[in-house]
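Student: Okay, predicted coordinates and the sequence, questions at the end:
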Amino acid sequence: MNKFVISSLLTLLIPVGYTLAQPVPSRQPVKPVTTPKATTIRLRDNSTLTADKLIPQAKIIARVNKKAVIKSIKLVHFGEHLATRKKVVGVESENPEISSNRLVYELITELTDFTIPRVGHFDRATITTIIDAETGETLSSDIYAPAGAFQSNHDALPPREQWKNE
């Protein structure tokens, strides 16, 4: 009889415990899995536009900081800029939203003694700015500073010897 009671109780308790351990179904509908959408080209090939359809270089130059020295400004395809950037930085980059045949201005300036808030202070730096030749939109800016010409506003990391071993 004792064995019968124990086996009856186990038979009753195991299914109850099993059902309690099951996850509660979500009340929100499950979204179907979708494949990621292909990036659409936002700035399409405009290499066939004539000069009168592009923003004049004079308007681009007028936007430059008065303290900056303009080293060069030239009209290039975005793909050419990326190839030049790869040579300088050493890393290949791309922007799938911009056609490699898009006409852009590559503006190179030098600036001395300037600060970027929350970043740091530059004694001197070369700035390469890419500006869309049709819309005037600034697409990217890269700042190159020689060693020792930048002082960060952030605390420096302690020497490696002081790092805690975890």
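Tutor: Cool, got the structure.
Student: mind listing what the spatially most central residue of the chain touches?
Tutor: Centroid check for the chain by CA atoms, centre = their mean gives N95 as the closest residue, at 9.6 Å. Contacts here follow CB atoms under 8 Å, 6 or more residues apart in numbering; on that basis N95 touches 78, 139. (Glycine included, C-beta is placed from N, CA and C.)
Student: Surely it is in a helix?
Tutor: No: counting by DSSP: H, G, I helix; E, B strand; the rest coil, N95 falls outside a helix, being coil.
Student: tell me the pLDDT at it?
Tutor: Note for N95: predicted pLDDT of 85.
Student: what do you get for T84?
Tutor: In this model, T84 is scored at 87, pLDDT.
Student: Helix, strand or coil: sort out it for me.
Tutor: helix.
Student: Spit out the contact partners of it.
Tutor: T84 makes contact with E106 under the criterion CB under 8 Å, 6+ apart.
Student: And V91, its phi and psi?
Tutor: With angles defined as degrees, to the nearest 10, V91 sits at phi -130, psi 130.
Student: where do the helices sit along the protein?
Tutor: Taking DSSP state H as the test, the helices found in the chain are 2-20, 57-62, 78-89.
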